[in-house]
Every structure is written in structure tokens, then in C-alpha cells.
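**Q** What follows is a predicted protein model with its sequence.
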Amino acid sequence: MERTTKLLRELQAGNIYQKIDHAIMVIERFCAEINNPVISFSGGKDSTVLMHLIRNVMKKDIPAVFVNTGNEYPEIIRFATKKFGNTTAIRPKHRLADVIGKYGFPLISKEYSKMIYELRNNAPHASRYLTGIQRDGKPTSFTLPKKYHFLTAASFSCSHKCCEFLKKKPTRKYNCITGDMGVESILRAKTWLKTGCNAFGKHSKSKPLSIWTERDIWEYKRLFNLEFCELYNDPRITRTGCMFCGFGATFEKISRFETLKERYPKAYNSFLKIENNGVTYREALNTVGVVLPDDVGYQRNIFSQIKINFEQ
């Protein structure tokens, strides 16, 4: 069956029982081909569902790895390393400050930061991000919005390299089963269109939750009375990735950095001082429209404080 955007949307519209059956089928196929699979466990809600599905529903004691990037919430570290057994914590070889200092800040979105980085470094195909025309003359909609063009000549750099050095490289030697979902980004949806839920190669990867949605995650939690990390008890927190990731922060009505400042003010102030080419993270975030909790004029949109409770 040909994978299309229409098919992905149809699969995403299925009910939770169909999603569970599909995920089990994907995992079984992956394990039939791979002798040494591991669960890539981040401690977030999606990977917690994945862990429960494999360990408790399928009864497979597949080992798990947790990448402690040095940029994780302490609550996530405790949950990931103590909640489930047979989980190994690993550390990347690079520090966040070093990656940002060399390559640039993670701003706006991973897709846009990658475009800006490649434009600044004169990648052969990068002109298409500005012109909308590929090297073969065909048009592409995968372009950088004009309002961000100024960043290609800014005094600081943007980059997608944080994820590569801090998360992807440490797990590259493993054949990972991950909790990635196609709805999370354009890149993840395109990956599904290209490879489906299982991709086999030198380092194979399985993404059995590719067709799941946010609603499915909360429905699964309700169905199995599953415990998530305590951070999710704070209605402002919808994601528990790297504490100071800037991807998506430009578009938030309630700053993700608000809870970080309240819980860990020392870490908050430390992260904001990280520099690239003499420009601090605070200055870079402000430049792309992020108003931080201690900036003059910070004001939340009270209507965006209402979090949909999928458990009801």
C-alpha cells in the first residue's frame, strides 16, 4: 500500500484499540528482523506509553536506554531511571553550551533552524529555502518564511545540531524503538511517508506510535491507569523534552520557561547566559520573538491557560 498524506490522516483517525493493535504489529515485525532492539526512553508521556505497551501489554522485556543530555528536568531523570527496570542511562560526549557555541542556538523550529544553518554555511541545495525552486527546477513549499530571512546574516547562528549531538548520536549504535509520532512535526510526517513505521538498515529504527495523536496518548493513559512523570501534573507543561530547547517557543502563549524559572531558577539563569559569537541565549530568544518570564512586558494570554484534559 502506497504511503500518502491521506493514508496517514486516515490511520490517525482510528480509535485507540486500532492504534494499539497496529503498534503491536509494527513492534512484532521489527523484533522479527532485529536481534537486539532497545527502547529509546525519554521519560516523557509518549515514550512512557511505548514502554508500558512493550513491557506490560506485549510482555517483552526489551532493554531501554535513557539519554541524559544534561538538559533534562530532574523529575524526568528520576522517573526515567527509577520507574522502570532494565533501563540504562547514557550521556552524550558533547555539552549543550559547546554545541551551541560552535553551531548555533535551537530557535523557532528544527526545520527552520536547519534551513538557516545551511544557508549560512552555503550548502549546495540551500538556495531553495529562499527561492522555493529546487536544483532540478521543480518548486518546493519547504521554504524559510521571509520574516526569518534576516537570521541568515545575523550576528549569531541558528542550528538544529543540538538534537544531533545530544540525542541522536548517543543512540546511533542501537536499533531503537521510539515513541515518535507523525503529528509532532512536518519532518516526522515526511519520514513516515518515506519509510513507514519501521526503517531497516545499519542502525534500524521502529516508530510504532507514528500514526498516534496526542489524544491517543491520553486515552491510553486513562485506559490503563498509567502513571506519567509528575511534571505533567502542572497544567502548563505539555512537553518534557530538553529544559531549554527553543524549538516552538516562538509560538507559545505561555512560555515553557516560566515553569523552569520557578522550579530551577539557577539553571534558568545559567542557560540564558550561553553564548554564540558573543550573543547570549536570552538575546537570541528575544530576537525571534520569545518574551521570557522575567522580561519587561511578559504577559500570558489567559485563554491559552486552559489545557484540554483528554482523560475526561
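**A** Okay, I see it. Numbering: from 1, shown residues only.
**Q** what about stretch 178-191, how long is it end to end?
**A** Start and end residues of stretch 178-191 are separated by 13 Å (CA to CA, to the nearest Å).
**Q** helices and strands of the chain: which one bottoms out on pLDDT?
**A** Evaluated with mean pLDDT, DSSP states H and E, the helix-and-strand set of the chain has its lowest mean pLDDT in helix 186-195, which scores a mean of 79.
**Q** helix or strand for the residue most central in space within the chain, which one?
**A** Among the residues of the chain, the smallest C-alpha distance to the mean C-alpha position (CA atoms, centre = their mean) belongs to Gly241, namely 6.6 Å. Secondary-structure element containing Gly241, defined by DSSP states H and E: none, the residue being outside all helices and strands.
**Q** low pLDDT regions in this protein?
**A** Regions of the chain meeting the criterion pLDDT under 70 cover residues 1, 186, 300-312.
**Q** Helices along that one, start to end?
**A** Using DSSP state H, the helices assigned to the chain run over residues 5-12, 16-33, 45-52, 74-82, 96-103, 110-120, 128-131, 161-163, 169-171, 186-195, 214-224, 257-263, 265-272, 281-287.
**Q** Which strands and helices lie in contact with the fifth one?
**A** Counting contacts by 3 or more CB pairs under 8 Å, 6 or more residues apart in numbering; DSSP states H and E, helix 96-103 is packed against helix 161-163, strand 275-276. Using the backbone N, CA and C atoms, a C-beta is placed for each residue, glycine as well.
**Q** change it to 6 Å
**A** Counting contacts by 3 or more CB pairs under 6 Å, 6 or more residues apart in numbering; DSSP states H and E, helix 96-103 is packed against helix 161-163.
**Q** same deal with the longest one?
**A** Helix 16-33 makes packing contacts with helix 214-224 when contacts are defined by 3+ CB pairs under 6 Å, 6+ apart.
**Q** do that again at 10 Å, thanks
**A** Contact here means 3 or more CB pairs under 10 Å, 6 or more residues apart in numbering; DSSP states H and E; on that basis helix 16-33 packs against helix 5-12, strand 37-40, helix 45-52, strand 175-177, strand 198-199, strand 205-206, helix 214-224.
**Q** Over to the fourth one?
**A** The elements that helix 74-82 packs onto, with contact taken as 3+ CB pairs under 10 Å, 6+ apart, are helix 45-52, strand 64-67, strand 87-90.
**Q** Of the ones you listed, which is nearest His22?
**A** With CB to CB as the measure, helix 45-52 is the member of those nearest His22 (13.1 Å).
**Q** Okay, angle between that closest one and helix 74-82 too, please.
**A** For the pair helix 45-52 and helix 74-82, the angle between their directions (axes from the mean of the first three to the mean of the last three CA atoms, to 10 degrees) equals 10 degrees.
**Q** for helix 45-52, packing partners?
**A** helix 16-33, strand 37-40, strand 64-67, helix 74-82, strand 175-177, helix 214-224.
**Q** Dump the helices and strands packed on helix 74-82 into JSON lines; add mean neighbour count and distance to Ile177 as well.
**A** Compiled in JSON lines, these are given as follows (neighbours: other CB atoms under 10 Å; distance: least, CB to CB, whole Å):
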{"stretch": "helix 45-52", "mean neighbour count": "23", "distance to Ile177": "7"}
{"stretch": "strand 64-67", "mean neighbour count": "21", "distance to Ile177": "9"}
{"stretch": "strand 87-90", "mean neighbour count": "14", "distance to Ile177": "13"}
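**Q** what about these, which gets the closest to Arg222?
**A** Closest among the helices and strands packed on helix 74-82, once you apply CB to CB, is helix 45-52, at 11.4 Å.
**Q** between the closest one and helix 16-33, how many degrees?
**A** Comparing the axes of helix 45-52 and helix 16-33 via the same axes, to 10 degrees yields an angle of 60 degrees.
**Q** The helices and strands packed on helix 74-82: which one's closest to Ile39?
**A** The minimum distance between Ile39 and the helices and strands packed on helix 74-82 falls on strand 64-67, with 4.0 Å, by CB to CB.
**Q** So which residue of this structure lies furthest out from the middle?
**A** Gly137 (32.2 Å).
**Q** now that one: how far from Arg128?
**A** With the distance defined as CB to CB, to the nearest Å, Gly137 ends up 10 Å from Arg128.
**Q** repeat for Gly182
**A** When Gly182 is compared with Arg128 (using CB to CB), they lie 24 Å apart.
**Q** How about Arg135?
**A** Using CB to CB, Arg135 is found at 7 Å from Arg128.
**Q** can you check Ile116 too?
**A** In this structure, Ile116 lies at 14 Å from Arg128, with CB to CB as the measure.
**Q** Settle it for me: which of those two has more neighbours?
**A** Relative neighbour count places Ile116 above the other of Ile116 and Arg128, with 27 against 21, counting by other CB atoms under 10 Å.
**Q** Pairing partners for the closest residue to Tyr174 other than its chain neighbours in the sheet, please.
**A** Using CB to CB, 6 or more residues apart in numbering and skipping residues adjacent in sequence, the residue nearest Tyr174 is Val38, 4.7 Å away. In this entry, Val38 is beta-bridged to Cys176, by DSSP bridges.
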